[in-house]
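Engineer: give me a 3D structure for the following:
(one chain, ligands or ions: 1)
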Amino acid sequence: MSLEAIRDLISKSCQKAGRATDDVTLIAVSKVQPNERVAAILDQGHRIFGENKVQEAAGKWPAFRETYGKVDLHLIGPLQTNKARQAMELAQAIHTLDRPKLANTIARLAQEIGQCPDLFIQVNTGEEPQKAGCLPADADGFIQEARALDLPIKGLMCIPPADEEPSLHFALLGKIAARNGLSGLSMGMSSDFESAIALGATHVRVGSAIFGDRSYE
Ligand SMILES: *Cc1c(COP(=O)(O)O)cnc(C)c1O
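Structural biologist: Next up, the predicted model:
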């Protein structure tokens with residue numbers, strides 16, 4: 001699908017939900033995509049991208065930024081504490097804060113660096129053992145803990161289980177966010193961003209629908 005077609009679907013979904021189109025940020029997930037495809041989207045004026053791995057992002061975005069200027073990077077993959085500094089220096093947002101140790105590290109580094117990216121707390125709404133994110137039952141407590149560290153918590157993020165109806169997970173994430181007074185909801189990918197928008201998504205993370213299939217060779 002073209003970038004324009006995706007933007008169109010986003011604004012139609014917003015309209016249907018009675019929301020303003022600029023209420024939803026489109027994050028173009030460029031992980032593993034060849035540079036030509038990423039450049040093509042940059043050429044169309046898009047400046048908000050998502051990456052999974054700090055290493056990969058650090059390898060390609062400094063050069064793109066040199067050519068294209070300011071780009072907002074969102075890190076959406078699991079983050080190891082020993083990569084936190086590099087992540088914070090590279091990205092404007094981290095969507096995968098999911099444990100106290102990482103929160104403490106980011107808080108310490110924020111003091112040291114003098115700035116901190118926007119943070120989203122990842123919630124493992126499907127309680128899948130292999131997936132990152134704090135458990136739904138621990139979310140309220142962890143949000144409080146992160147706020148006590150003065151971290152800029154903007155919202156919550158989830159990746160629904162592949163084989164379940166995503167809207168149940170979007171609704172659950174929205175409920176946890178609402179009762180904690182958080183407005184940001186990072187949810188919705190290529191296959192389900194429209195239903196995520198209907199349920200309040202403020203950040204949709206769309207990869208293959210924009211760039212085409214990822215090849216992991
Ligand atoms: C890869 C990825 C996406 C994008 O997935 P698509 O199905 O290609 O849109 C979104 N969110 C996360 C966390 C991802 O890892």
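Engineer: use CA for all of it now, contacts and neighbours both
Structural biologist: Will do.
Engineer: residue ranges for the strands of this structure, please.
Structural biologist: Applying DSSP state E to the chain gives strands spanning 25-29, 48-51, 72-75, 93-97, 118-122, 153-157, 184-186, 203-206.
Engineer: next, format those strands as a markdown table and append distance to the ligand.
Structural biologist: Shown next, in a markdown table, are the strands of the chain (distance: least, Cα to the nearest ligand atom, whole Å):
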| stretch | distance to the ligand |
| --- | --- |
| strand 25-29 | 5 |
| strand 48-51 | 8 |
| strand 72-75 | 8 |
| strand 93-97 | 8 |
| strand 118-122 | 10 |
| strand 153-157 | 9 |
| strand 184-186 | 9 |
| strand 203-206 | 4 |
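Engineer: quick one: low-confidence parts of this protein?
Structural biologist: For the chain, the stretches with pLDDT under 70 are 216-217.
Engineer: would you format the strands of the chain as CSV with mean neighbour count included?
Structural biologist: CSV is the format used below for the strands of the chain (neighbours: other Cα atoms under 10 Å):
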stretch, mean neighbour count
strand 25-29, 23
strand 48-51, 24
strand 72-75, 22
strand 93-97, 26
strand 118-122, 25
strand 153-157, 26
strand 184-186, 27
strand 203-206, 24
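Engineer: let me have those in a markdown table, adding distance to Ala139 as columns.
Structural biologist: Below are the strands of the chain laid out as a markdown table (distance: least, Cα to Cα, whole Å):
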| stretch | distance to Ala139 |
| --- | --- |
| strand 25-29 | 24 |
| strand 48-51 | 24 |
| strand 72-75 | 20 |
| strand 93-97 | 11 |
| strand 118-122 | 8 |
| strand 153-157 | 9 |
| strand 184-186 | 14 |
| strand 203-206 | 19 |
